[in-house]
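Participant: What follows is a predicted protein model with its sequence.
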Amino acid sequence: MMNLRNLPAFTLIEVLISIALSGLLIVLLNNQITGSLKTDQNIKNKMEYKIEIETILAHLEADIQTASNTPSGYKSVVNFYSKDQLHISIKKFGISAIDQDLLGAEITWKFGNLGVSRNIKSKDGNFERHLSKKELQTNIIPIDTNIFKLIIKCDEFTKSKLIKL
């Protein structure tokens, strides 16, 4: 008959240590997975907001390019600051959505701590649309008489665009 005391086996302390190490390994892996998921979500949020700002800038540029011309030959675009907000006022012609008549409209873009909004004033009425509600800072740097640089800064990134009038 074989003696049970001479068989190779793990002691209770060795089993407890291996269980503790396995539990610690599981906790560390869980933290790594959670951290990577949070990082991935932050990157997605930043990219979505960056794409949103790029879309806003593309619409602004389209409004400026379709603006009516002043007698001097430049686009009818005026930049001014009011209550810590940058206002870009654009005058242009368009077609009325109500009666299909030609009408003049003033489009005012507002950039500031309340986000970005686009306001259209015409004989059809006043329409305002908030395009972004994130706080941002804007600055306009004139490059030439008909070229300016619009700089948009927020917590995540800085974006700039050259706009020709």
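Facilitator: It's in.

Participant: What segments of this protein are strands?
Facilitator: Counting by DSSP state E, the chain has strands at residues 77-82, 85-95, 102-112, 115-122, 125-132, 137-144, 147-153, 158-164.

Participant: any chance of those strands in CSV, plus mean neighbour count?
Facilitator: All C-beta atoms are positioned from the backbone trio N, CA, C, and that covers glycine. Shown next, in CSV, are the strands of the chain (neighbours: other CB atoms under 10 Å):
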stretch, mean neighbour count
strand 77-82, 13
strand 85-95, 17
strand 102-112, 18
strand 115-122, 18
strand 125-132, 12
strand 137-144, 13
strand 147-153, 16
strand 158-164, 14
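
Participant: And the ones you listed: which comes nearest Ala67?
Facilitator: For those, the distance to Ala67 is smallest for strand 85-95, at 4.7 Å, taking CB to CB.

Participant: Kindly format the C-alpha coordinates of the closest one as PDB.
Facilitator: C-alpha atoms of strand 85-95 as PDB (Å, rounded to 0.1, in the frame of the first residue of the first chain):
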ATOM      1  CA  GLN A  85     -18.800  86.500 -29.100                       C
ATOM      2  CA  LEU A  86     -17.500  86.800 -32.600                       C
ATOM      3  CA  HIS A  87     -20.200  87.700 -35.100                       C
ATOM      4  CA  ILE A  88     -19.800  87.200 -38.800                       C
ATOM      5  CA  SER A  89     -22.500  89.000 -40.700                       C
ATOM      6  CA  ILE A  90     -23.100  88.000 -44.400                       C
ATOM      7  CA  LYS A  91     -25.600  89.500 -46.800                       C
ATOM      8  CA  LYS A  92     -26.700  87.500 -49.700                       C
ATOM      9  CA  PHE A  93     -29.600  86.800 -52.000                       C
ATOM     10  CA  GLY A  94     -31.600  83.600 -52.000                       C
ATOM     11  CA  ILE A  95     -34.900  82.100 -52.900                       C
END
